[in-house]
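Participant: Please find the sequence and the predicted model below.
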Amino acid sequence: MSLQARKAVKSDDYVKKLAGLPKLSEADKQARLADIVKDANYMKRLGVAMIGPIQIRLRYEGITRNVLVEDTLDKGPLLPYDVLDDFGQAYILNQTDSEVKVTPFEGKQVYPRLFRIAAFPRVRKEDLYYLRVNAIEFAQDESRQAIQKQEDSRLLTLLDASITAYEGVTGVSVTKSIGAGNPIEMVDFYDQVAILEQRQIETSRVIMNPADARDIYSWDMNVTGWQFKDDVMGGKMVTGFGEFTIQKSILVPSGTVYMVPDPNFLGVMPVMYSLDVEENNQVEQFYRGWVMDELISMLILNPRGLAKIQKA
């Protein structure tokens, strides 16, 4: 049996082929719309064709790049970061998900240890034809959010380990327990700030779960003032109070609040390459796919400005 020669067809060939098809004139479009209007359910048909998908949740906004200084690395050997601290300690997130290396560094320098964060979105080929929405854009956007969640999860692991280890070095606790079920009060923040100010550093932001952030809305007017209450009742979101900026993340365990200084006083996020997207189609399985990844590291170079409030 002789084999027939196969001819490769590029997507450009299809574009050229379809380009020669006649386009609908204005009269043709009007005629087709008139046919739709004749149907008793024409408004429903038009509505179904025009309405977009219902949004299932708010987009996740990452916090890591607002907490650490993002540092783009040059190609070649990794250079060390200086550790400007009396104890000469730094805290590095290793490649393993939850391992944090805690070591006193001679010469007060530390080398970053890069790790990869990746996602592999894919879309079934027929969904590109069935769905009216842009399935590719949706899949890639969801994957970007998933990568941001991985970044933030690792940041919180690093913050926890840094606080615990530095408490062991200094012998001073910066973790305040307020009792389970009790709301977080403004005085809780100021008690922690008073400790950190003895180290000549200021806390500028708090990281908390959205559920715990709602405690702030219940603060007494004698504490917040009329303007604060007016803003809340007027529908404004609370994004800060006093000297603190609030950053919310659902990845922060409920009942835990982290207090961190300005990024320039905390640590760095070395980035060898930021989020990169490459095609990874699985043709034989009828999937369009992509590989999305980044090569980064996270280091706490100055833990003296960290504190935590815990409902326990």
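Facilitator: Arrived safely. Residues are numbered from 1 along each chain as shown.
Participant: For Thr72, which residues count as its bridge partners?
Facilitator: Val271 (DSSP bridges).
Participant: State the distance from it to Val260.
Facilitator: 22 Å (CB to CB, to the nearest Å). Where C-beta positions appear, they are placed from N, C-alpha and C, glycine not excepted.
Participant: Look at the two and report which has more neighbours.
Facilitator: Using other CB atoms under 10 Å, the more surrounded residue of Thr72 and Val260 is Val260, with 26 against 10.
Participant: just checking, the more buried one touches Ile201?
Facilitator: No. Between Val260 and Ile201 there is no contact under CB atoms under 8 Å: 10.4 Å.
Participant: shared neighbours of these two, anything?
Facilitator: Counting by CB atoms under 8 Å, 6 or more residues apart in numbering, the shared contacts of Val260 and Ile201 are Gly305.
Participant: which secondary element of this structure has the worst mean pLDDT?
Facilitator: Ranked by mean pLDDT, DSSP states H and E, the weakest helix or strand in the chain is strand 100-104, scoring a mean of 58.
Participant: contacts for whichever helix or strand comes after it?
Facilitator: As assigned by DSSP states H and E, the chain's next helix or strand after strand 100-104 is strand 109-110. Residues outside strand 109-110 that contact it (CB under 8 Å, 6+ apart): Pro80, Tyr81, Asp82, Val83, Ala90, Ile92, Leu299, Leu301.
Participant: could I get these as CSV with pLDDT?
Facilitator: Formatted as CSV, those follow (pLDDT from 0 to 100):
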residue, pLDDT
Pro80, 85
Tyr81, 86
Asp82, 81
Val83, 78
Ala90, 73
Ile92, 77
Leu299, 91
Leu301, 88
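Participant: ok, which pair from these is furthest apart?
Facilitator: Asp82 and Ile92 (14.1 Å; CB to CB).
Participant: Neighbour count for the two, which is higher?
Facilitator: Taking other CB under 10 Å, Asp82 and Ile92 do not tie; Ile92 has more neighbours (24 against 12).
Participant: In which helix or strand does the more buried one reside?
Facilitator: Take DSSP H and E as the rule and Ile92 turns out to sit in strand 89-93.
Participant: how far out from the middle of the chain is that strand?
Facilitator: 22 Å (CA atoms, centre = their mean, to the nearest Å).
Participant: what does stretch 208-222 give?
Facilitator: 23 Å.
Participant: Same question for stretch 292-306.
Facilitator: For stretch 292-306, the distance to the chain centre is 14 Å (CA atoms, centre = their mean).
Participant: start at 55 instead
Facilitator: Understood, numbering begins at 55; the last thing we discussed is stretch 346-360.
Participant: export it as PDB, just CAs?
Facilitator: What follows is stretch 346-360, C-alpha atoms only, in PDB (Å, rounded to 0.1, in the frame of the first residue of the first chain):
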ATOM      1  CA  MET A 346       4.600  29.700  33.200                       C
ATOM      2  CA  ASP A 347       7.500  30.000  35.600                       C
ATOM      3  CA  GLU A 348       9.900  32.300  37.400                       C
ATOM      4  CA  LEU A 349      13.200  31.800  39.200                       C
ATOM      5  CA  ILE A 350      13.400  33.700  42.400                       C
ATOM      6  CA  SER A 351      14.600  33.800  46.000                       C
ATOM      7  CA  MET A 352      13.600  35.400  49.200                       C
ATOM      8  CA  LEU A 353      15.900  36.700  52.000                       C
ATOM      9  CA  ILE A 354      15.200  38.500  55.300                       C
ATOM     10  CA  LEU A 355      18.400  40.500  55.900                       C
ATOM     11  CA  ASN A 356      17.200  42.500  58.800                       C
ATOM     12  CA  PRO A 357      14.600  40.700  61.100                       C
ATOM     13  CA  ARG A 358      14.700  43.300  63.800                       C
ATOM     14  CA  GLY A 359      11.600  45.100  62.500                       C
ATOM     15  CA  LEU A 360       9.300  42.000  62.500                       C
END
